[in-house]
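S.K.: when you get a sec, could you give me coordinates for this:
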Amino acid sequence: MRLISFRNQSKTRIGVIKEDKILDVQALHEKYKNQISVDSFEFPTDLKQLIEMNEKSIPYVEQLIESHGRENLDHSFSLSEVEIMAPISQPEKIICVGLNYLDHCKETGLEPPLSPVIFSKYANAIIGEKEAIEIPVNSEQVDFEAELVVVIGKEAKRITEEEAAEYIFGYTIMNDVSARDHQFSDGQWTRGKSADTFAPIGPAIVTKGQVVDPHNLDISLKLNGEVMQQSNTKNLIFRIPYIVSYLSQSMTLKPGDLIATGTPPGVGMGREPKVWLKDGDRVSITIENIGTLSNTVEKVRVTQKT
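M.R.: Here you go, the predicted structure:
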């Protein structure tokens, strides 16, 4: 399934994308709840809650869609009729893996790491599809990074690589926007990675059953229509089961946690001349079987107080 959060008439809803339509899952629940045999549970109000309850909620949602039928247009919207939100706006953790493509290491002038390079972003950075990435007033070197994101499906603590797939709910896309001037002047990455709007995510979370092999997905980023990054997730240095297991040895992973797996070569700071995001730019990331995440760019301007 392709699950989204969307807003219609000022209400945020859970949706499933079917072909070119969005099905309102909560509306389907109200319509069919008495017709489906299911263990009693309180239906989730947002996508994070649905993930937390996935062993019950996902089979139920599948039954709702089956009951609704392919041709039924009730409780459905076209993509143009709604505002697509970030699928998860308040995860407990946004964990990122740096330097996880060999060619990206080369373009940064750094040696490939012997173990995963881990850093974090914060929820204030999350925005959704078509929202604007804001260039902070105090930065002139804002960069783009296309990344495949793992969405954790249930609590994971000290699990093995072999067990990792059991704890993954699905996958989405993130642009790991980075203020390089802050990142390198600070000597660590927190401020440069966690400015407001620096984590566009979405538009959908694709459940893991829909992704045959997460280590063989084409990934690309276009800036104003020009391809800047292009690779395949088979080039990851540290593979997803290893990353999930590695992190779980130190921290308990929770449902809805997001793990960004690293970016391929082609980022702005690796180019000559360097390419920084500017006011009016359009950035889109496409990952095979996952979708396309598109955002505009705006420069924050300080208005003078009178």
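
S.K.: separation between residue 191 and residue 35?
M.R.: 52 Å (C-beta to C-beta, to the nearest Å). Every residue, glycine included, has its C-beta placed from N, CA and C.

S.K.: tell me which of those two has more neighbours.
M.R.: For residue 191 versus residue 35, neighbours defined as other C-beta atoms under 10 Å are more numerous around residue 191 (15 against 9).

S.K.: now do that one, the pLDDT please.
M.R.: Residue-level confidence at residue 191 comes out at 95, pLDDT.

S.K.: ok, now which ones touch the residue lying closest to it once chain neighbours are set aside?
M.R.: Counting by C-beta to C-beta, 6 or more residues apart in numbering, residue 191 lies nearest to residue 182, which is 4.8 Å off, once chain neighbours are set aside. Residues near residue 182 by C-beta atoms under 8 Å, 6 or more residues apart in numbering: 138-139, 191-192, 195.

S.K.: from those, which ones fall inside helices?
M.R.: 191-192 (DSSP state H).

S.K.: dump the contacts of residue 182 to TSV, plus distance to residue 173.
M.R.: Below are these laid out as TSV (distance: C-beta to C-beta, whole Å):
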residue	distance to residue 173
138	27
139	23
191	24
192	21
195	19
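
S.K.: what's the most distant pair in the contacts of residue 182?
M.R.: 138 and 192 (11.1 Å; C-beta to C-beta).

S.K.: so for the two, which residue has more residues nearby?
M.R.: Higher neighbour count among residue 138 and residue 192: residue 192, with 24 against 12, using other C-beta under 10 Å.

S.K.: quick one: contacts for residue 229?
M.R.: For residue 229, the contacting residues are 144-146, 219-221, 263-267, by C-beta under 8 Å, 6+ apart.

S.K.: ok so it is a strand residue?
M.R.: Yes: applying DSSP: H, G, I helix; E, B strand; the rest coil, one finds residue 229 inside a strand.

S.K.: distance check, it against residue 271.
M.R.: 11 Å.

S.K.: just the helices in this protein please.
M.R.: Using DSSP H, helices in the chain cover 25-32, 47-52, 54-68, 102-108, 180-186, 190-193, 240-248.

S.K.: tabulate those helices (TSV), appending distance to residue 122.
M.R.: As requested, these are exported to TSV (distance: least, C-beta to C-beta, whole Å):
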stretch	distance to residue 122
helix 25-32	28
helix 47-52	16
helix 54-68	25
helix 102-108	23
helix 180-186	14
helix 190-193	8
helix 240-248	17
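
S.K.: could you identify which of those helices is most buried?
M.R.: When you average the neighbours per residue for each of the helices of the chain (mean count of other C-beta atoms under 10 Å), helix 47-52 leads with a mean of 22.

S.K.: against which helices or strands is that helix packed?
M.R.: strand 2-8, helix 54-68 (3 or more C-beta pairs under 8 Å, 6 or more residues apart in numbering; DSSP states H and E).

S.K.: dump those to TSV, plus mean pLDDT and distance to residue 178.
M.R.: Formatted as TSV, those follow (pLDDT from 0 to 100; distance: least, C-beta to C-beta, whole Å):
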stretch	mean pLDDT	distance to residue 178
strand 2-8	94	25
helix 54-68	85	31
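
S.K.: closest to residue 248 out of those?
M.R.: Ranking the helices and strands packed on helix 47-52 by distance to residue 248, with C-beta to C-beta as the measure, places helix 54-68 first at 17.9 Å.

S.K.: show me the contact partners of the closest one.
M.R.: 1, 16, 18, 23, 25, 28-29, 31-32, 35-36, 38-39, 41, 43-44, 50, 74-75, 153-154, 169, 207, 255.
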